[in-house]
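In: Sequence first, predicted model second:
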Amino acid sequence: MPKLHYSLLLIFCASVAISGGETNQAARGALPLPPQKPAPLPDEQLLIQRTYETILPLDEKGFQRLPPPKPGEWLAHYREEPQSLERYKMRATIRPSPDRRTIVLQPLGTFDNEGTQILQLMKEYAEIFFQLPARVEPALAWDESIPKLTRQLPVSRRVGRYSKQYDGETIMDSFLKQRVPTDAAVYLGITLEDLCTSDTNYVFGVASFKDRVGIYSLARYFPEFWGLPRVEDSTTKALRRACKVLNHETGHMFGVSHCVFFRCSMNGSNTLEETDRAPAHFCPLCQRKLMWNIGYNPLKRFKELQTFYAKNKLDDEAEWMTQRIENWKKIEEQERIKAVTDE
Ligand SMILES: [Zn+2]
Ligand SMILES: [Zn+2]
């Protein structure tokens with residue numbers, strides 16, 4: 001059974017491959033999902049309901065409350081404690097400080113031209129999404145002398161150049177934890193190789209809150225991994241997925257749990273298809289957590305996100321953000337009027 005849990009210290013995201021539309025997945029040694037979990041407890045349902053009530057109708061416009069999960073989806077199999085804003089404030093242990101506020105991206109292994117370009121865009125996106133400085137460090141080569149770092153995939157699961165996987169947890173322990181730059185709010189290893197842990201068949205990412213480090217793989221975001229041909233929007237699709245994994249994993253690093261309230265980039269995900277179905281944006285609640293933690297100007301952030309999406313042909317996201325900006329201006333106007341009236 002894959003170890004896949006949420007704790008204060010370590011989190012695995014999207015690590016179980018199940019059979020389905022994703023080409024080759026079933027044939028590639030997929031592990032079974034854990035049994036279905038029971039529905040949320042009554043007190044959890046109450047907390048979810050009460051949390052909805054704290055969100056202004058205008059703020060909720062354009063978002064979708066999370067429907068009950070379908071079989072195979074993350075929430076059908078994993079219990080997630082609903083994290084209200086109050087609970088978040090109690091557990092957000094990583095917060096940027098004046099001398100420790102940079103999101104540092106650490107390439108691991110070789111990056112081709114396309115990978116390098118996506119990495120640069122991820123840095124740009126991190127700066128905008130989290131409104132914090134970001135930089136890309138020079139790439140670190142793998143040290144394959146470390147036992148446990150790699151494992152050979154069974155022949156039945158090999159595709160193209162992917163004959164082996166790297167152990168994300170070992171890389172965090174043996175590479176990343178010792179190298180956290182002093183100015184790093186979070187230090188994030190990124191690789192084009194496929195990742196796993198000792199008891200999962202793959203992971204998109206692993207993060208350790210305590211150590212402010214995480215690692216994630218972009219391997220599965222490209223059609224080559226699945227033995228599929230390139231299509232016109234393959235690079236755009238890979239960039240969209242890379243942006244989602246960046247905001248999701250970095251969101252975890254800043255203490256945001258998997259979202260059980262709305263369709264949101266912080267939703268847990270069992271498969272690439274589930275990741276693709278999730279939006280790139282944070283819901284009103286997860287966004288409020290970030291705002292509280294980082295203290296940015298939301299309207300400035302939305303405008304910069306809209307520009308980034310439009311510039312990089314992420315058209316649906318750009319259009320969605322245009323509407324979000326309009327709604328947010330109305331919210332600010334309402335609050336301004338309320339403040340004047342309350343005086
Ligand atoms: Zn996650
Ligand atoms: Zn959310």
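Out: On my side now, so go ahead. Ligands and ions are numbered 1, 2, ... in the order given.

In: ok, residue 166 touching residue 142?
Out: Yes - taking C-beta atoms under 8 Å as the definition, residue 166 is a contact partner of residue 142 at 7.1 Å. Glycine gets a C-beta too; all of them are placed from N, C-alpha and C.

In: between these two, who's got more neighbours?
Out: residue 166 (22 against 16; other C-beta atoms under 10 Å).

In: Secondary structure element for the closest residue to residue 314 other than its chain neighbours, which one?
Out: Nearest-residue entry for residue 314: residue 240, 5.7 Å, with adjacent residues in sequence omitted and distances by C-beta to C-beta, 6 or more residues apart in numbering. Taking DSSP states H and E as the definition, residue 240 sits inside helix 234-253.

In: buried residues in whichever helix or strand comes after that helix?
Out: Next along the chain after helix 234-253, taking DSSP H and E as the criterion, comes helix 272-277. Of the residues in helix 272-277, 272, 274-275 count as buried by neighbour count, 16 or more other C-beta atoms under 10 Å.

In: Same check on stretch 131-138?
Out: Result for stretch 131-138 [16+ other C-beta under 10 Å]: buried residues 131-132, 134, 136-137.

In: my hunch is that residue 210 is in a strand, does that hold up?
Out: No - residue state for residue 210 (DSSP: H, G, I helix; E, B strand; the rest coil) corresponds to coil; a strand is not indicated.

In: interface residues of this protein facing ligand 2?
Out: Contacts of the chain with ligand 2, taken as C-beta under 5 Å from the ion, map to 259, 264, 266, 283, 286.

In: Including distance to residue 174 and neighbour count, could those go into TSV?
Out: Listed next are the residues of the chain next to ligand 2 as TSV, based on distance: C-beta to C-beta, whole Å; neighbours: other C-beta atoms under 10 Å:
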residue	distance to residue 174	neighbour count
259	32	25
264	33	25
266	29	26
283	36	25
286	32	26
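
In: farthest-separated two in these?
Out: 266 and 283 (7.4 Å; C-beta to C-beta).

In: Identify the contacts common to the two.
Out: Contact criterion C-beta atoms under 8 Å, 6 or more residues apart in numbering; residues shared by residue 266 and residue 283: residue 259.

In: What's the biggest helix in this structure, counting residues?
Out: Secondary structure of the chain per DSSP state H: the longest helix is helix 315-342.

In: so what does it touch, helix or strand wise?
Out: If contacts are counted by 3 or more C-beta pairs under 8 Å, 6 or more residues apart in numbering; DSSP states H and E, helix 315-342 sits against helix 57-60, helix 298-311.

In: from the chain's centre, how far out does the longest one sit?
Out: Translated: helix 298-311. Centroid separation for helix 298-311 versus its chain: 18 Å, with C-alpha atoms, centre = their mean, to the nearest Å.

In: pLDDT score for residue 296?
Out: Here the pLDDT value assigned to residue 296 is 95.

In: doesn't residue 178 make contact with residue 140?
Out: No - Residue 140 is beyond contact range of residue 178, at 11.3 Å (criterion: C-beta under 8 Å).

In: who touches stretch 115-124?
Out: 103, 105, 107, 111, 134-136, 190, 192, 218, 235, 238-239, 242-243, 246, 308, 312.

In: Quick one: buried ones out of these?
Out: 103, 105, 107, 111, 134, 136, 190, 192, 218, 235, 238-239, 242-243, 246, 308, 312.

In: gap between the nearest residue to residue 112 once chain neighbours are set aside and residue 338?
Out: Spatial nearest neighbour of residue 112, excluding adjacent residues (C-beta to C-beta, 6+ apart): residue 192 at 7.5 Å. Shown here: residue 192 relative to residue 338, a distance of 50 Å by C-beta to C-beta, to the nearest Å.

In: rewinding a little: dump the buried residues of stretch 131-138 to TSV, plus pLDDT, secondary structure and distance to residue 295.
Out: Shown next, in TSV, are the buried residues of stretch 131-138 (pLDDT from 0 to 100; DSSP: H, G, I helix; E, B strand; the rest coil; distance: C-beta to C-beta, whole Å):
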residue	pLDDT	secondary structure	distance to residue 295
131	98	coil	9
132	97	coil	10
134	98	strand	17
136	97	strand	25
137	96	coil	26
